[in-house]
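Visitor: A structural model of the following input is requested.
(chains A and B)
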Amino acid sequence: MLNLLSFLWKNYAFFLFLLLEAISMSMAVSSGHQSAVFAYTSNQIGGQAFSSWQSITHYFYLQETNEQLANENTFLRSQLKTSFLDRNTIVLSNPSSLLDSSSSQITDTLIPAFDFMSAKVISNSIHKQKNYLMLNKGRKQGVRENMGVIGGKGAIGIIYSVSDDFSTVISILNTKMSLSAKLLSNQELGSIQWDGKDSQFAYLNSIETYIPIHVGDTIISSGYSHIFPEGILIGTISDYHTTEGSNTYSIIVKLSTNFSALNYVSIIRNRFYNEQLMLEKLEEDNI
Amino acid sequence: MILKSIFRFIFVIIFQVLVFNNIQFSGFVNPLYYVLFILLLPIKTPAWLTLLSSFILGAIIDVFSQSPGLHASASVLIAYIRPTIISSIKTTGETNTDLEPSLSNMGFRWFISYALILIFIHHFIYFSLEVFRFGNFLITFYRIIISSFATFIAIILSQLLTFKKSQ
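Guide: Got it, this is the predicted structure:
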């Protein structure tokens, strides 16, 4: 017993080393509860530090940010209803409301399914294999897991973990991430994945080779994940080739978003997310 | 000496998290400057203190870079092998084990080989764990080399800035 103790004592450095390595390795490979705890801590502590740092550094990017916002505004203005010629006849349920100009739009059957909330990026990386962004909005502001995040130029990622005041976004530039996407031209479904190399390019998988595609074709979100509305820009095809023995293309997509210069983003809340998810689950259970 | 180490501990964290984690050219270069703290711990620091402080340093960097356990395990490893590396590199003349193994104390050639070896091992562990698969090892290796070099340059530069002519 004494021998054992003295052996342990003599080699305590080695055992301490093993213990600490075991702790960190188990963190590195863990998933589920433990990694959720880590994500939350990292969120709240990191968020506080980054947001105070951001309040200093964001002055340096004001011009760039203004330009981006102005461009986005112009684009959004072009999407306004008044910018389109409306050939539909509007049927009013209550004719008397015509007289009352304030309530003349009540018969619109469109219910907004998606809310948008703006947020500031307080930390961002593109050089890792698993890149995350941190935003300055959290649970208190109504952010929840699995909401979509888009920037002025297209899709960015999905909310991954939320703490009280901050949230972490798993960006498209993360090898764990896969995003449901489709070709704008023929609505063919695929999924966007990053290979961990170049922050400007990602891959579009599972488009079969009989489908005609061209360099420059637009890739948009499919809307089937219920996270993004349909039609959010993701990128354009920059190159594609076929591999022998495989019936799907290998398509390289130039991402529309420049991930190294993100300042303000929008968080998308799908009002019917839980409902849609529940329905899908019901279907699965029935099968 | 202890105060200086504590100060350096805080300094490298701030510098790593706020400056080096935001350097994003080419998407490949990611200097892990905080390794400097482990390199410069006084030679006769007890093993438990080296291991624990490196672990805590790595864990803090992990929290700020959303990479659970990666920095911690790489840091603990180089903290463990550090004494072996120190004793295996030949020195000219006597070494005072009270000192930090810094550029000014140990001389150029000694420090360069010391820093290169430890930085390379650290980055090797970090980037391999980050990818966590063995396919495409060439690209991971390329990342290891490039980032090791960037870290090395950053550490040498910061050492030159604080260079004091040894007596």
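Visitor: on contacts alone, who are the packing partners of the host helix or strand of residue B:52?
Guide: Per DSSP states H and E, residue B:52 falls inside helix B:47-65. If you count contacts as 3 or more CB pairs under 8 Å, 6 or more residues apart in numbering or on different chains; DSSP states H and E, helix B:47-65 packs onto helix A:12-29, helix A:33-57, helix B:2-14, helix B:35-39, helix B:70-88. C-beta coordinates here come from the backbone N, C-alpha and C atoms, glycine included.
Visitor: so which of the ones you listed gets nearest residue A:218?
Guide: Proximity to residue A:218, assessed across these by CB to CB, is greatest for helix A:33-57 (32.8 Å).
Visitor: coming back round to it: just give me the lowest mean pLDDT stretch among the helices and strands packed on helix B:47-65.
Guide: Mean pLDDT values for these show the minimum at helix A:33-57, a mean of 80.
Visitor: elements contacting the next helix or strand after that helix?
Guide: Under the assignment DSSP H and E, the closest C-terminal helix or strand after helix A:33-57 is helix A:62-78. If contacts are counted by 3+ CB pairs under 8 Å, 6+ apart, helix A:62-78 sits against strand A:264-270.
Visitor: now stretch A:120-135: mean pLDDT?
Guide: Rounded to a whole number, the mean pLDDT of stretch A:120-135 is 87.
Visitor: just to revisit the earlier point, which positions in the helix holding residue B:52 come out as buried?
Guide: For helix B:47-65, the neighbour count (16 or more other CB atoms under 10 Å in any protein chain shown) marks B:47, B:50-51, B:53-55, B:57-65 as buried.
Visitor: Identify the residue nearest the geometric centre of the chain.
Guide: Here I'm looking at chain A. Closest to where the C-alpha atoms of chain A average out (CA atoms, centre = their mean) is residue A:157, at 1.4 Å.
Visitor: should've been chain B
Guide: Centroid-nearest residue in chain B: residue B:35, 2.1 Å away (criterion: CA atoms, centre = their mean).
Visitor: so it touches residue B:119, yeah?
Guide: Yes: using CB atoms under 8 Å, residue B:35 is in contact with residue B:119, at 5.9 Å.
Visitor: Mutual contacts of the two, please.
Guide: When contacts are counted by CB atoms under 8 Å, 6 or more residues apart in numbering or on different chains, residue B:35 and residue B:119 are jointly contacted by B:151, B:155.
Visitor: Tell me the residues on chain B that lie near chain A, please.
Guide: Residues of chain B found near chain A (CB under 8 Å from any CB of the partner chain) are B:17-18, B:21, B:23-24, B:27-30, B:47-48, B:51-52, B:55, B:58-59, B:62-70, B:72-73, B:76-77, B:79-80, B:129-132, B:139.
Visitor: Let me see the contact set for residue B:98.
Guide: Counting by CB under 8 Å, 6+ apart, residue B:98 touches B:1, B:42-44.
Visitor: Ranking by neighbours, what's the top pick from the residues you listed?
Guide: Ranked by the number of neighbours (other CB atoms under 10 Å in any protein chain shown), those place residue B:42 first, at 19 neighbours.
Visitor: With adjacent residues omitted, what lies nearest to it?
Guide: The shortest distance from residue B:42 to any residue other than its chain neighbours is 5.2 Å, reached at residue B:100 (CB to CB, 6 or more residues apart in numbering or on different chains).
Visitor: got a list of what that neighbour touches?
Guide: Here residue B:100 is in contact with B:1, B:40-43 (criterion: CB under 8 Å, 6+ apart).
Visitor: same thing with residue A:65?
Guide: The neighbours of residue A:65, taking CB under 8 Å, 6+ apart as the test, are A:58, A:263-264.
Visitor: next one: residue A:266
Guide: A:116-119, A:149-151.
Visitor: Not counting its neighbours along the chain, what's nearest the residue in chain B positioned nearest to chain A?
Guide: Chain A sits closest to residue B:69 of chain B, with a gap of 3.1 Å, by CB to the nearest CB. Computed as CB to CB, 6+ apart, the closest residue to residue B:69 that is not its neighbour in sequence is residue A:27, at 3.1 Å.
Visitor: Contacts made by stretch A:160-171 with the rest, please.
Guide: Defining contact as CB under 8 Å, 6+ apart, one finds that stretch A:160-171 is touched by A:36, A:39-40, A:42-44, A:46-48, A:51, A:119, A:122, A:130-141, A:143-145, A:149, A:156-159, A:176-177, A:259, A:265, A:267, B:66.
Visitor: if I look at the closest residue to residue A:61 other than its chain neighbours, how far off is residue A:136?
Guide: In this structure, residue A:61 finds its nearest non-sequential neighbour in residue A:263, 5.9 Å apart by CB to CB, 6+ apart. Relative to residue A:136, residue A:263 is positioned 11 Å away (CB to CB, to the nearest Å).
Visitor: Overlap of the contact sets of those two?
Guide: Each of residue A:120 lies in contact with both residue A:263 and residue A:136 under the rule CB under 8 Å, 6+ apart.
Visitor: Distance from the chain centre to the lowest-mean-pLDDT helix or strand in chain B, please.
Guide: With mean pLDDT, DSSP states H and E as the measure, the helix or strand of chain B carrying the lowest mean pLDDT is helix B:103-106 (a mean of 82). The offset between the C-alpha centroid of helix B:103-106 and the centroid of the whole chain comes to 16 Å, using CA atoms, centre = their mean, to the nearest Å.
Visitor: which regions of chain A sit below the pLDDT cut-off?
Guide: Low-confidence segments of chain A (pLDDT under 70): A:31-32, A:81-111, A:287.
Visitor: whoops, chain B was the one
Guide: Where chain B drops to pLDDT under 70, the residues are B:24-28, B:92-94, B:133-135, B:163-167.
Visitor: how big is the angle separating the helix or strand containing residue B:139 from helix B:2-14?
Guide: In this assignment (DSSP H and E), residue B:139 forms part of helix B:137-161. Relative orientation of helix B:137-161 with respect to helix B:2-14: 130 degrees, computed using axes from the mean of the first three to the mean of the last three CA atoms, to 10 degrees.
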